[in-house]
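[1] Give me a 3D structure for the following:
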Amino acid sequence: MAVLDLIRKENDIKKLSQQELLQLPGEIRSFLLGHVSKTGGHLASNLGAVELTIALHLILDFPKDKLIWDVGHQSYTHKILTGRKDEFVHLRQMGGISGFPKRSESECDCFDTGHSSTSISAGLGFAKARDLLGESYNVVSVIGDGALTGGLAFEALNNASNLNTNFIIVLNDNRMSISENVGGISRHLASIRMSDAYQEFKSDVHNSLNRLPYGERVARRMTKAKSSVKQLLIPGMLFENMGITYLGPVSGHNLQDTLHILREAQKVNGAVVVHVQTDKGRGYPPAELKPNRFHGIGPFDVETGEPLQQKKKPDYTDVFSAVICKIAEKNDRIVALTAAMADGTGLRRFRLKYPERFFDVGIAEGHAVTFAAGMAASGLHPVFAVYSSFLQRGFDELVHDVCLQNLSVTFAIDRAGLVGADGETHQGILDLSFLSIIPHMTVMAPKNKWELAYMLWFCSRYEGSTAIRYPRGQAYDGLKEYREPIIYGKSEWIFEEKQIAVFAVGTMVETALAVRDLLHGQGFSCSIINARFIKPIDREALRKALRDHNVIVTMEENVLHGGYGDAVGAFLSSEEADVSLLRFGIEDQFVPHGTVPQLREAAGLDAVHAARRIAEVYKSEWEIR
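    Just a heads-up that it's a prediction; the model follows:
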C-alpha cells in the first residue's frame, strides 16, 4: 500500500513510521507530476516545497495551528496532507479545488492568498489576535525569497520586531520568484548561503570547548557574543539587526534538519526567521533545469516536459514583446519595467536587446510605478508591463505620482479580463474601473493583434499617462481589414446599421460579431462599434448612434460598477436620450476559477446569452411602440 494512501485527513502524517516518512516525498512528487501534467498548474514551486511542508505538518496541529502561505501557489502538498488528495483530478477546474489556499475549501486553510508579500502581515495579525483573545496555537508564515522583495513584507518585519510572543517566519529560499530574483535582498541572501564557514566555525568551537575544563562556561559566554561573530562572517544580518531572531540556513530537503530547526524556532519568545534553502522543481529534471517555464504550466508530457498543446499563433504578450522592441529601436527615450515578470509580460526580448534600458524591480509594483514616474519626469518614456490584478498594488502611486503630474508613462496591462484557472486573485476584472476614475489617465483596449501594435505606437508618442489593457491567450487575428488610424478618444465603426448599436471593448469585439450574426438570424439589424477608448469615451460616436438606434449595448470584460458601461450610461442620462441601455459585464462579485469560456457563459458574456437578452429587450420595449 502506498504511504500516500494512509493520509486521508489532516494530522494523519504523524502516524507514519520513519521509513514511511522517508518514502513519502517521492510519492508526493510522483502524485504532483501525474496530476499537474493533466490539469496544468504551478509545478516547480510545489516540487521544491515537499519536505518543508511535511516538516511543518509534523510539528503543527491542524486546523488549530495557523499556516499562511505567501502567494499560495506552493500549497499543493499542504492540500494533499489535509485530505484533498482525491480532489486533484479537478485542480483549478470549475467547481474543483483551487490552486491557492481557500478558507471556503478547508479549515486547514486559514487565510486566502494569491498575491505575494502578504504572509508576514497576515501571520502577525493572527499572532496578535491569538494573544489578545487568550488563545494558544502556533502561527507560521512561509514566504519565498522572491516575495521578500515586496515592500509590504518589510513593513511587516518592522512591525514584527516588537513582538514579544512566538511567531515563526519560514523563509523558503529557492533563488527564484517567477523569473530569477534581482536586487539587494537577493544578494543578501546569496551572501548568507555562502556563510557555511560561520556554521562550521560555531560548531567546531563549541565542540572543542565542551571537552575542556570550564569549557561549558566559556561556551555560554561565547553564545552571548555570537551576534558579533555573525556580523563578521554573515554580511548584513538583516533580520537580527531588525531585532528578529535568525536561524539557519538549513537544507529544506533534509527532513530531520528542517524538523530540528523548526522545533528550535518554536522555543523563541518573539518573531523568528527560519532560513530554509530549497530547489524549485526538485525531483523532476525538466523543472530543475527550467523552473521559470514550470512555474505555471498547462498540461504537458511527463516524459519530455513539453506542452501537450503547442502554440500555433502568437498571443497578445508575444505581440507586445515584438512591438515594444521595434518602438525602442526608433525611440531611445523608451525604457521598459517589470516587477519580477520579465518572462510573463514578454520583456525578455527587450532585456536581451536593450539591457541598459530594462529594469526589473522585483515584486514591488508600487515602487515600479513611482520609479517610472521619476524617469518620466526626467524626460524618458517608461513602459511598465504588468498583470492587471498586480497593478492594483500600485494604485496610490498611479494617482499621486504619475497621473497627478500627467507624466508620460505607458502601462501595458497584460492578463486583463477573465484569465481562467488562477481564479479570484488573478482575474483582471477591475482595471477599467480603477483606472477610469483617475484624472489625466487615458485607457485603451485593442480589438485584435494589429490594433495592439497601433496603440503601443500611439502611446509612445503621446504626452501623458496611458494604459492599454489586453487579455491572456491567443491574439485575435480577425477584422484585419479594419485599420482606421488611432485618433485620441475616437471609436471605430465596424458595421453601421440601425436598431441596435453594440459598443464593444477589446476582447468583446469578437463576441459582438457573433452577437450580430445571431440577431441578424432573428431579423434585427445591428451596428458594431469598437470602443477603443474606455477613457475618454467617444461622445460623438454615441450621439451618432442615438440618431438611428433604439437600443445601445455595451460589452466589457470588467466589473460593471465604474466600467465602460457606467460611463456610457452617465452620458446617455446627461443627453436625456430616449433609448434602452443594456450593459454586459461582470456583476459585483469576485470570479472563481474555470476556463474563460465557462466563466464568460456564467457571467452572461457569451454571444448566445447576450443576443437573447438584447432581442428580449428590443421586443418588449420597442416593437410595441
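[2] nearest spatial neighbour of Gly506, skipping sequence neighbours?
    Spatial nearest neighbour of Gly506, excluding adjacent residues (Cβ to Cβ, 6 or more residues apart in numbering): Ala445 at 3.2 Å. Bear in mind the C-beta positions are built from the backbone N, C-alpha and C, glycine included.
[3] low-scoring stretches of the stretch 501-625 of the chain, by residue?
    Along the stretch 501-625 of the chain, the model assigns pLDDT under 70 to residues 624-625.
[4] returning to what we had before: now for the residue nearest to Gly506: which residues touch it?
    By Cβ atoms under 8 Å, 6 or more residues apart in numbering, the contact set of Ala445 is Ala416, Leu432, Ile468, Arg469, Tyr470, Val505, Gly506, Thr507, Ala531, Arg532, Ile534.
[5] Sitting in helices, which of those do you find?
    Assigned to helices by DSSP state H, the following of the contacts of Ala445 qualify: Leu432.
[6] Turn the contacts of Ala445 into TSV, including neighbour count.
    As requested, the contacts of Ala445 are exported to TSV (neighbours: other Cβ atoms under 10 Å):
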residue	neighbour count
Ala416	29
Leu432	31
Ile468	25
Arg469	28
Tyr470	30
Val505	31
Gly506	31
Thr507	28
Ala531	26
Arg532	27
Ile534	26
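[7] can you redo the contacts of Ala445 as a markdown table with distance to Val608?
    Below are those laid out as a markdown table (distance: Cβ to Cβ, whole Å):
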| residue | distance to Val608 |
| --- | --- |
| Ala416 | 24 |
| Leu432 | 24 |
| Ile468 | 29 |
| Arg469 | 25 |
| Tyr470 | 25 |
| Val505 | 19 |
| Gly506 | 20 |
| Thr507 | 17 |
| Ala531 | 22 |
| Arg532 | 26 |
| Ile534 | 25 |
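[8] and the contacts of Ala445, which of them are in strands?
    Mapping the contacts of Ala445 onto strands (DSSP state E) picks out Ile468, Arg469, Ile534.
[9] hmm, back to that, pull up the gap between the residue nearest to Gly506 and Asp173, please.
    Counting by Cβ to Cβ, to the nearest Å, the gap from Ala445 to Asp173 is 40 Å.
[10] pull the longest helix from the protein.
    Determined from DSSP H, the single longest helix within the chain is helix 18-39.
[11] pLDDT of that one, averaged?
    For helix 18-39, mean pLDDT is 97.
[12] again with stretch 134-154
    95.
[13] Which one of the contacts of Ala445 is nearest to Lys326?
    Nearest to Lys326 among the contacts of Ala445, counting by Cβ to Cβ, is Ile468 at 15.5 Å.
[14] Quick one: the helices in the stretch 101-250 of the chain, in order.
    For the stretch 101-250 of the chain, the helices defined by DSSP state H, counting those that start in this stretch cover 119-132, 151-160, 184-193, 196-210, 215-224, 226-233, 238-241.
[15] Give me the buried positions along the shortest one.
    Translated: helix 238-241. By neighbour count with 16 or more other Cβ atoms under 10 Å, helix 238-241 contains the buried residues Leu238, Phe239, Glu240.
[16] What of the first one?
    By neighbour count, with 16+ other Cβ under 10 Å as the criterion, the buried positions of helix 119-132 are Ser119, Ile120, Ser121, Ala122, Gly123, Leu124, Gly125, Phe126, Ala127, Lys128, Arg130.
[17] from the chain's centre, how far out does it sit?
    Distance of helix 119-132 from its chain centroid, counting by Cα atoms, centre = their mean, to the nearest Å, is 23 Å.
[18] contact partners of it?
    With contacts defined as Cβ under 8 Å, 6+ apart, helix 119-132 is touched by 66, 68-70, 110-111, 113, 136-137, 139-143, 147, 152-153, 155-157, 159-160, 163, 165-167, 169, 271.
[19] can you do 7 Å?
    Applying Cβ atoms under 7 Å, 6 or more residues apart in numbering, the external contacts of helix 119-132 come out as 66, 68-70, 111, 113, 137, 139, 141-143, 152-153, 156-157, 159-160, 163, 165, 167, 169.
[20] can you map out the strands along the stretch 501-625 of the chain?
    526-530, 533-535, 549-559, 580-586 (DSSP state E, counting those that start in this stretch).
[21] would you list these in a markdown table and tack on distance to Asp401?
    Shown next, in a markdown table, are the strands of the stretch 501-625 of the chain (distance: least, Cβ to Cβ, whole Å):
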| stretch | distance to Asp401 |
| --- | --- |
| strand 526-530 | 32 |
| strand 533-535 | 19 |
| strand 549-559 | 24 |
| strand 580-586 | 29 |
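[22] Please name whichever of these is nearest to His42.
    Per Cβ to Cβ, nearest to His42 of the strands of the stretch 501-625 of the chain: strand 549-559, 24.0 Å.
[23] Okay then, goodbye and thanks.
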